[in-house]
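Q: Let me see the structure of the following:
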Amino acid sequence: MSPGTRAAVLGGRMLPELVRVADVDPDLLLTGFGPDEPEVPELGRRLAQAEVLFTGWGCPPLDAEALDRMPRLRAVVHAAGSVKHHVTEACWERGLLVSSAAAANAVPVAEYTLAAILFANKRVLESAHAYRAARAPIDLLRRYPAVGNYHRTVGIVGASLVGRRVLELLRPFDLRVLVHDPYADPGELAALGAEACALDELLRRSDVVSLHAPALPGTRHLLDAARLALMPDGATLVNTARGSLVDTVALTEELVAGRLHAVLDHTEPEVLPAGSPLYVLPNVLLTPHVAGSLGGELDRLAATAVEELERYALGLGFRHAVDRGRLSYSA
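A: From the prediction side, this is the model:
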């Protein structure tokens, strides 16, 4: 992992927990596996002895050449979300066990999403801007006659780890919930309190649409101009997934026109140009990728990964094993 990741994820009490469950040198940090990497004392010997890699953001690809240097390697425990950046086909071909803390990272993203949905239906952002501009009493019943969360319809695009967590968090509220996911079982979605729905129908019916699909070639600009046009006037788009899921130009046009609202934690590009109107529009909440784990939430990632390592040490299966077969359609 990168030095910054180590400091953030394994700082404080979590590094001693790692030392408790594994034979690990707490001072050793690898940012690469090749012989041309910055000098690490006896790097070749250390790699040859490694049975498990404890990885995080910034881990380089575990290609065949890297794996050749680690003949005893049996498992990769990732203290973060997606493993696509470093777990290669060579890892699966060699039968490595892989675990990810994606479920732990889903928790704060789902919490952010829940807050965004409830605030969107309550028109919190819009009313706050109006109050700031007026600095006087506002006739809320006249200005916002249809606000509130009672019996509003929420559309979830993607029954991913985050999407399913959002469904769980939405259950206590008096909301209608629709889900579009071509790989999800409708009966399972019904058990989670949601109705399986085609994407276009979901867009037409939803007051808030929240994106939780992976960034894949087939999901690029999943919401293009035509699909954004299906959303009802005044509807809100929440994106905590990936910016590539939405046609930014088309969304910007809708937002500038004031027809839609948006809560965007991801955009394409990831940092919008300084002149983008999305920074200043009163119907847009733009945040700098804060939905995922930050600060103390990173302890949850480390704790999940350490628990997985402890399960491995006890001869138990991973609780959060990565399914190779699902990687083609998941994050």
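Q: CA only for contacts and neighbour counts going forward, please
A: Noted.
Q: Now do the strands in the chain.
A: 52-55, 75-78, 97-100, 152-157, 175-180, 195-196, 208-211, 236-239, 261-264, 284-286 (DSSP state E).
Q: Can you list the neighbours in contact with the first one?
A: The set of residues that contact strand 52-55 without belonging to it, under Cα atoms under 8 Å, 6 or more residues apart in numbering, is 1, 73, 74, 75, 76, 77, 78, 79, 80, 305.
Q: quick one: which of the residues you listed has the most company?
A: In terms of neighbour count, residue 79 stands highest of the contacts of strand 52-55 at 32 neighbours, by other Cα atoms under 10 Å.
Q: pLDDT value on that one, please?
A: pLDDT for residue 79: 96.
Q: go on, the one 4 residues further on?
A: At residue 83 the predicted local confidence, pLDDT, stands at 95.
Q: Can you report how many residues neighbour it?
A: 25.
Q: what sits against the nearest residue to it once chain neighbours are set aside?
A: Nearest non-adjacent residue to residue 83, counting by Cα to Cα, 6 or more residues apart in numbering: residue 100, 7.0 Å away. Applying Cα under 8 Å, 6+ apart to residue 100 gives the contacts 77, 78, 79, 80, 81, 82, 83, 305, 320, 321, 322.
Q: taking these one by one, which sit in helices?
A: Among these, the members found in helices (DSSP state H) are residue 305.
Q: elements contacting the top helix by length along the chain?
A: The longest helix of the chain (DSSP H) is helix 102-121. Under the contact criterion of 3 or more Cα pairs under 8 Å, 6 or more residues apart in numbering; DSSP states H and E, helix 102-121 touches helix 161-170, strand 208-211, strand 236-239, helix 298-313.
Q: ok now the longest one, how far from the chain's centre?
A: Relative to its parent chain, helix 298-313 has a centroid offset of 19 Å by Cα atoms, centre = their mean, to the nearest Å.
Q: could you dump that helix to PDB, C-alpha only?
A: Presented in PDB, the C-alpha positions along helix 298-313 are these (Å, rounded to 0.1, in the frame of the first residue of the first chain):
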ATOM      1  CA  LEU A 298     -10.900   3.900   8.300                       C
ATOM      2  CA  ASP A 299     -10.600   1.900  11.500                       C
ATOM      3  CA  ARG A 300     -13.600  -0.200  10.300                       C
ATOM      4  CA  LEU A 301     -11.700  -1.100   7.200                       C
ATOM      5  CA  ALA A 302      -8.600  -2.100   9.100                       C
ATOM      6  CA  ALA A 303     -10.600  -4.000  11.700                       C
ATOM      7  CA  THR A 304     -12.500  -6.000   9.000                       C
ATOM      8  CA  ALA A 305      -9.200  -6.900   7.300                       C
ATOM      9  CA  VAL A 306      -7.500  -7.900  10.600                       C
ATOM     10  CA  GLU A 307     -10.500 -10.100  11.500                       C
ATOM     11  CA  GLU A 308     -10.200 -11.800   8.100                       C
ATOM     12  CA  LEU A 309      -6.500 -12.400   8.700                       C
ATOM     13  CA  GLU A 310      -7.300 -13.900  12.100                       C
ATOM     14  CA  ARG A 311      -9.900 -16.200  10.500                       C
ATOM     15  CA  TYR A 312      -7.300 -17.300   8.000                       C
ATOM     16  CA  ALA A 313      -4.800 -18.000  10.900                       C
END
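Q: Nothing else from me, thank you.
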